[in-house]
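*Asks:* build me a model from this:
(one chain, ligands or ions: 1)
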Amino acid sequence: MPSPSESSVLDALAARTPVVPVVVVDELDQAVPVARALAAGGVPVVELTLRTPVALDAVRAIAAEVPEVLVGAGTIVTPGQAEQARAAGAQFLVSPGATPALLAAMTDTGLPFLPGTATVSEVLAVLETGHDEMKLFPAEASGGAAFLSSVASPVPAARFCPTGGVTPANAAAYLRLPNVACVGGTWLTPRDVLAAGDWARVTELARAVDDLRA
Ligand SMILES: O=C(O)C(=O)C[C@H](O)[C@H](O)COP(=O)(O)O
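*Replies:* This is a model prediction of the structure:
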């Protein structure tokens with residue numbers, strides 16, 4: 001599997017899936033099965049959110065045991081988490097925001113990353129750092145596909161993975177935009193489905209992503 005750090009992380013993600021699964025793992029023993037279940041459904045990507053105490057160990061487990069899956073760490077909200085995620089084996093980083101300290105810490109890891117933006121000035125501030133790939137967060141609440149469509153004309157250099165309120169119902173509208181490579185969402189891995197260990201359901205939800213493939 002080519003390393004996403006060699007080129008564009010958005011292209012690396014989009015080559016694998018139109019929908020990046022944003023995964024919250026409450027129990028460490030969910031990590032490897034959920035990654036395998038997504039891969040079995042044709043979605044060999046996990047954005048593991050650093051929202052639970054087991055999250056870094058979950059990244060470590062997936063990186064070690066499910067090499068066919070591209071595993072990233074999401075919810076990077078403090079600079080220190082960037083290096084922790086790299087050390088755990090994350091192959092890309094995602095943040096809901098883009099403060100100067102977060103941008104510096106994510107850059108220092110040497111990993112590809114998607115900083116979060118929600119306004120034109122934030123998009124421009126990220127571009128000023130020489131970085132043209134980002135997340136739009138919270139996508140629906142900050143203007144959704146209409147916002148990104150409006151941004152595409154004056155700021156065509158910025159490319160996005162919109163996340164936050166993206167659903168099977170609105171994903172296609174984002175994916176049609178020239179400045180959207182892929183979208184992110186939690187719907188492939190509902191928390192109750194993971195708690196129940198219903199890995200077949202995760203695979204089924206992942207397979208349904210085929211309807212969104214270009
Ligand atoms: O954890 C992060 O890093 C975030 O930025 C938040 C997530 O992207 C959203 O929570 C997505 O959640 P849904 O709206 O359910 O798809």
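*Asks:* number of residues surrounding the residue lying closest to Ala141 once chain neighbours are set aside?
*Replies:* Among residues not flanking Ala141 along the chain, Gly165 sits closest, at 6.1 Å (CB to CB, 6 or more residues apart in numbering). Bear in mind the C-beta positions are built from the backbone N, C-alpha and C, glycine included. Using other CB atoms under 10 Å, Gly165 is surrounded by 14 other residues.
*Asks:* then the one 4 residues further on?
*Replies:* If you count neighbours by other CB under 10 Å, Ala169 ends up with 7.
*Asks:* same check, this time on His131
*Replies:* Neighbours of His131 using other CB under 10 Å come to 18.
*Asks:* and the pLDDT for it?
*Replies:* Looking at His131, its pLDDT reads 96.
*Asks:* that one and Leu102 touch, don't they?
*Replies:* No. His131 is beyond contact range of Leu102, at 11.6 Å (criterion: CB atoms under 8 Å).
*Asks:* who touches both of these two?
*Replies:* Applying CB atoms under 8 Å, 6 or more residues apart in numbering, one finds that His131 and Leu102 are jointly contacted by Pro115.
*Asks:* the ligand contacts on this protein?
*Replies:* 22, 49, 74-75, 94, 96, 137, 163-166, 184-186 (CB under 6 Å from any ligand atom).
*Asks:* which members of those occur in strands, if any?
*Replies:* Using DSSP state E, the members of the residues of the chain next to the ligand that fall in strands are 22, 49, 74, 94, 184-185.
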